[in-house]
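>>> give the three-dimensional model of this entry:
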Amino acid sequence: MVTAVVGANWGDEGKGKVTDLLASSADVVVRFQGGNNAGHTIINEYGKFVLHMLPSGVFHEKVINVIGPGAALNVNGLVQEYEKLIAGNVPAPQVRISDRAQVVLPYHMLFDALEEERLGSRQFGSTKSGIAPFYADKYLKIGIQVADLYNRKQLLDRLTQALESKNILMEHLYNKEALVVEQILEQLLQEGESIRPFVCDTTSLLHQMLREGKSILIEGQLGALRDPDHGIYPYSTSSSTLAGFAPVGAGVPPYAIRRIIAVAKAYSSCVGAGPFVTELMGEEGEELRRRGGDGGEFGSKTGRPRRVGWFDAVATRYGCMVQGATEVALSLLDVLSYLERIPVCTAYEIQGERIDQFPTTGRLEQAVPVYEWLPGWKCDIKGIKEFDQLPEEAKQYVRFLEKQIGVPIRSISNGPRREHFIERHEG
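Numbering: from 1, shown residues only. Here you go, the predicted model:
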């Protein structure tokens, strides 16, 4: 059976923690899209780690960790993460990289940074990891597959073709020196050698695993609202963040995915630009940011402060719908323990009209949150193991969110570590 772990919101929901927990009973964990432009923070017996490229199953020795053909492979980023794990006394993980995955190239990151600089105040909040230029080249059919790294002539031909247009932009749009194909060629050949032991036909591997009845966990990056088709376009990422794309990006049959876990925070957070209806400013936002996350709400990739706000039931209900969620994992409930009353956004008001459907970006930018207020529990709930042992107000909050989003909340994290999880069976 295949289980997909995906984000219900803007990303940063806590997917890595959920995947790390579920990986203990999985045989394979697969990354199906995105690159090292976002991170998953995991705290376990080995310490605190932030994974940007590696799947979140790398802390379990028996798990095979797969970079699927839909991912944007940053080779140096992956190698550095792998070496950091070994230096942190984590047993060497099993890693497999699809020979069909495409490679983030040095000029992808360069163009990403140059374009954000050119746009100035109109920029999209890119992490400058090269993701938009990477996917643009992929669909322009001038990208480089991992398999190309082991054929010098083919790689040279592909790079030469790509740089014909790239160097026109470099010289005439950005006023920079032209890129030298031979320098990039040698760098990529070296990168290919550094990952050669990991490269294989991962699609055939996964189909074989399915025939053998193995358990496969597919891990998404970012969240539903960053999807380029269904999210807050153009403030989206450049690959589909939805579970519906997971079979394509991972290389498994669509019918194999039986369980889709959408992860949502007990409040809201967001890194990057775009409309964010429940965003908190001033002291109220600073306090939630300071108390939130695993040591504060700061981007795991960029370190920049995350935008924070109250739980947005309109956005989360929509995110769960487009993800096709069969259940929700609610993260960081313990963060809200300091509040006397907790607001939940249950509708938007746009130019005097009250709506409960998530609108397109233009209308979303005009939306004002409509709140309902619930009583807080004002006590530390970290480490509680059973749902029934939570304060009545905390249980009421979870049940209220569940009713609002229309999907059962089956698990709750109430602390930063792997063991800080409550399995919930009621409802």
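>>> after the worst-scoring helix or strand of the chain on mean pLDDT, which helix or strand is next?
Least confident helix or strand, the chain: strand 40-44 with a mean of 76, by mean pLDDT, DSSP states H and E. Where DSSP states H and E defines the elements, the next helix or strand beyond strand 40-44 is strand 47-51.
>>> partners of that following strand in the sheet?
strand 40-44 (antiparallel) (DSSP bridges).
>>> any idea how far residue 211 is from residue 63?
19 Å (C-beta to C-beta, to the nearest Å). The way it works is simple: take the backbone N, C-alpha and C, and place the C-beta from them, glycine included.
>>> quick revisit: what's the offset of the least confident helix or strand of the chain from the middle of its chain?
13 Å (C-alpha atoms, centre = their mean, to the nearest Å).
>>> picking up where we left off before, and residue 211 and residue 63? which has more neighbours close in?
residue 63 (22 against 8; other C-beta atoms under 10 Å).
>>> so where do the helices sit in this structure?
15-22, 75-87, 106-119, 131-140, 152-172, 181-195, 202-211, 246-250, 282-291, 313-323, 361-364, 392-405 (DSSP state H).
>>> in TSV: the ones you listed, plus mean pLDDT and distance to residue 350.
Formatted as TSV, the helices of the chain follow (pLDDT from 0 to 100; distance: least, C-beta to C-beta, whole Å):
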stretch	mean pLDDT	distance to residue 350
helix 15-22	86	30
helix 75-87	93	41
helix 106-119	80	27
helix 131-140	92	29
helix 152-172	91	39
helix 181-195	95	48
helix 202-211	98	44
helix 246-250	97	33
helix 282-291	92	23
helix 313-323	98	11
helix 361-364	96	6
helix 392-405	97	19
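>>> select, out of those, the one closest to residue 329.
Nearest of those to residue 329, taken as C-beta to C-beta: helix 15-22 at 4.9 Å.
>>> can you name every helix or strand that that closest one contacts?
Helices and strands touching helix 15-22, as assessed by 3 or more C-beta pairs under 8 Å, 6 or more residues apart in numbering; DSSP states H and E, comprise strand 2-7, strand 40-44, strand 216-223, strand 257-265, strand 327-331, strand 409-413.
>>> isn't residue 330 right next to residue 400, touching?
No: with contact defined as C-beta atoms under 8 Å, residue 330 does not reach residue 400; the gap is 11.5 Å.
>>> which of the two has more residues huddled nearby?
residue 330 (28 against 17).
>>> list the contacts of that one.
Residue 330 is in contact with 264-266, 398, 401, 409, 411-413, counting by C-beta atoms under 8 Å, 6 or more residues apart in numbering.
>>> and with 10 Å instead?
8, 13-14, 262-266, 311, 316, 397-398, 401-402, 405, 409-414, 422, 424 (C-beta atoms under 10 Å, 6 or more residues apart in numbering).
>>> again, but for residue 101
Here residue 101 is in contact with 31, 66-73, 145-147, 199, 202, 249 (C-beta under 10 Å, 6+ apart).
>>> among those residues, which two are most distant?
It's 31 and 147 that sit farthest apart of those, by C-beta to C-beta, at 18.2 Å.
>>> who has more neighbours out of those two?
A direct count of neighbours by other C-beta under 10 Å for residue 31 and residue 147 places residue 31 higher, at 31 against 17.
>>> the more buried one and residue 218, how far apart?
Separation of residue 31 from residue 218 (C-beta to C-beta): 8 Å.
>>> for these two, list the residues in contact with both.
With C-beta under 10 Å, 6+ apart, residue 31 and residue 218 have common neighbours 19, 55, 66, 68, 249-250.
>>> out of those, who has the most neighbours?
residue 66 (32 neighbours).
>>> which pLDDT does the model give that residue?
As predicted, residue 66 sits at a pLDDT of 97.
>>> tally of neighbours for the closest residue to residue 1 other than its chain neighbours?
Nearest non-adjacent residue to residue 1, counting by C-beta to C-beta, 6 or more residues apart in numbering: residue 258, 5.1 Å away. Around residue 258 sit 10 other residues, with neighbours defined as other C-beta under 10 Å.
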